[in-house]
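Asks: okay, sequence plus prediction incoming.
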Protein chains: 2
Amino acid sequence: MNKQGSLILLIGPSGSGKGTILKELLLTPINTFLSVSATTRKPRPGEVDGESYFFLTQDRFRELISSNSMLEYANYCGNFYGTPKAAVLERISKGENVILEIEVQGAKQIKEVYPTAVLIFIMPPSLTELKYRLIDRNTEDKETVRARLNAALDEIRFAHECDYIVINDTISKAVEEIKAIISAQSCSSYIMREFIDEVLKG
Amino acid sequence: MNKQGSLILLIGPSGSGKGTILKELLLTPINTFLSVSATTRKPRPGEVDGESYFFLTQDRFRELISSNSMLEYANYCGNFYGTPKAAVLERISKGENVILEIEVQGAKQIKEVYPTAVLIFIMPPSLTELKYRLIDRNTEDKETVRARLNAALDEIRFAHECDYIVINDTISKAVEEIKAIISAQSCSSYIMREFIDEVLKG
């Protein structure tokens, strides 16, 4: 049976703990691989090309944008960051799942060009807990905390447009829920459409 | 958090093994309850009202139809069979999942009045295997087997309209997949919509 994989997007505000969840998730055997981003910023000591990032020149990155070879991209402080299509689609066509941690704007871009991407929003258990986590990171600056909290609320509004909401109450529970979502996704009628036709043909 | 349950429909042709899968599934702790059907046929020895079926008179059944109190119903050989809305919706509002084994026509009726029902289609691993299972039940009559097979193929065409396809290769794998689907469903943004708003309100 020719069964493709899924593209899974992990979204969530600063303080949602999505990075920690992703690390734990990737330690479990779930046929799911982390997408490697591309960037035009210079490698830092210890960073390996093709592992940490694909390190590209500005010209090469612009070429990939022009040829519609990026799933999403953005420019931060003069450097491009983005997700090259080819590596992701190759894994998916082999039946592997690809997961990536992404901001709301990037998720919207990907959903546009890859509508079957599965959007999982990681939620803090409550606004109180989110405030606590954000303050914990920045005890020194109330203004920064307020800005981060407003940014987080903006992102949380996007949760309604996602497919799934996972509450990060405990990391292990959140990881189990994401594993269930990935398993369920592999049974979706979209992923199984070729199998249905195979059975009908006999 | 006020989180409702889901209505899960298990669909599949004769020979798909959905009955066996359902029995195994209900032995596991998944907060999911079997819907009890109503019927106008007479109870058989040992059948308990409210457990095997809700045994109703023709008049009472017709009343429930008239007042839109059935999720679906059909008439076989002069007897009505159907799913009363009230019991199902009460469990769902309490956050419990309700599962029912149903034919394609019934599933279509339910999807019409309850669009967020989750449709899981149980597929035989192949047409060859399905033929084998159908023949196994009816070694004596080729015509019956052919009719059953054609009916099965008609039902399998409906699989494309379902949310999930679970291949019944082994019962235990199929049960695990359905459990993952039910877990994932409890994280769907539809089910979680009130929680998102609660967090936003703070």
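Replies: Noted; the coordinates are in hand. Note that the structure is predicted; figures quoted are calculated from it, not measured. Residues are numbered from 1 along each chain as shown, chains lettered A, B, ... in the order given.

Asks: residue A:70 against residue A:82, yeah?
Replies: Yes. With contacts counted by CB atoms under 8 Å, residue A:70 reaches residue A:82, the gap being 4.6 Å. Bear in mind the C-beta positions are built from the backbone N, C-alpha and C, glycine included.

Asks: comparing those two, which residue is more hemmed in?
Replies: residue A:82 (23 against 20; other CB atoms under 10 Å in any protein chain shown).

Asks: tell me if the more buried one really is in a strand.
Replies: Yes. Counting by DSSP: H, G, I helix; E, B strand; the rest coil, residue A:82 falls inside a strand.

Asks: what comes up buried for the worst-scoring helix or strand of chain A on mean pLDDT?
Replies: Least confident helix or strand of chain A, by mean pLDDT, DSSP states H and E, is helix A:127-137 with a mean of 82. Of the residues in helix A:127-137, A:127, A:129, A:130, A:131, A:133, A:134, A:135 count as buried by neighbour count, 16 or more other CB atoms under 10 Å in any protein chain shown.

Asks: residue A:41 sits in which helix or strand?
Replies: Residue A:41 is part of no helix or strand when elements are defined by DSSP states H and E.

Asks: where does the nearest residue to it once chain neighbours are set aside fall, phi/psi-wise?
Replies: In space, and not counting its chain neighbours, residue A:41 is closest to residue A:79: 4.1 Å by CB to CB, 6 or more residues apart in numbering or on different chains. Backbone torsions for residue A:79, taken as degrees, to the nearest 10, come to phi -110, psi 140.

Asks: what does residue A:107 give?
Replies: phi -60, psi -40.

Asks: so who does it touch?
Replies: By CB atoms under 8 Å, 6 or more residues apart in numbering or on different chains, the contact list for residue A:107 reads A:9, A:11, A:72, A:117, A:119, A:158, A:162.

Asks: still on that earlier bit, okay, and the common contacts of residue A:70 and residue A:82?
Replies: Common neighbours of residue A:70 and residue A:82 (CB under 8 Å, 6+ apart) are A:38, A:64.

Asks: looking at this, residue A:74 is in a helix?
Replies: No. Judged by three-state DSSP, residue A:74 forms no part of a helix; its state is strand.

Asks: what sits closest to it if chain neighbours are left out?
Replies: residue A:81 (5.8 Å).

Asks: the one you found and chain B, how far apart?
Replies: 27 Å (CB to the nearest CB, to the nearest Å).

Asks: isn't that residue up against residue A:54?
Replies: No. Taking contacts as CB under 8 Å, residue A:81 lies outside contact range of residue A:54: 10.6 Å.

Asks: joint contacts of these two?
Replies: A:37, A:38, A:39.

Asks: may I see those residues organised as TSV, with distance to chain B, neighbour count and pLDDT added?
Replies: Shown next, in TSV, are the shared contacts of residue A:81 and residue A:54 (distance: CB to the nearest CB, whole Å; neighbours: other CB atoms under 10 Å in any protein chain shown; pLDDT from 0 to 100):
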residue	distance to chain B	neighbour count	pLDDT
A:37	26	19	95
A:38	30	21	97
A:39	31	19	97
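
Asks: next step: these restricted to strands.
Replies: Secondary structure defined by DSSP state E assigns A:38, A:39 of the shared contacts of residue A:81 and residue A:54 to strands.

Asks: low-confidence ranges, chain A, go.
Replies: Counting by pLDDT under 70, chain A shows low-confidence ranges at A:136-140.

Asks: neighbouring contacts of stretch A:117-126?
Replies: A:6-13, A:15-18, A:21, A:107, A:110-111, A:130, A:133, A:156, A:158-159, A:161-169, A:174, A:178, A:181, A:185, B:187, B:189, B:192, B:195-196, B:199.

Asks: restricted to buried residues, select these in ChimeraX.
Replies: A single ChimeraX command selects the buried members of those (16+ other CB under 10 Å):
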select /A:6,7,8,9,10,11,12,13,15,16,17,18,21,107,110,111,130,133,156,158,159,162,163,164,165,166,167,168,174,178,181,185 /B:187,189,192,195,196,199
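
Asks: so the closest residue to residue A:101 other than its chain neighbours is in which element?
Replies: Nearest non-adjacent residue to residue A:101, counting by CB to CB, 6+ apart: residue A:10, 4.8 Å away. Taking DSSP H and E as the criterion, residue A:10 maps to strand A:7-11.
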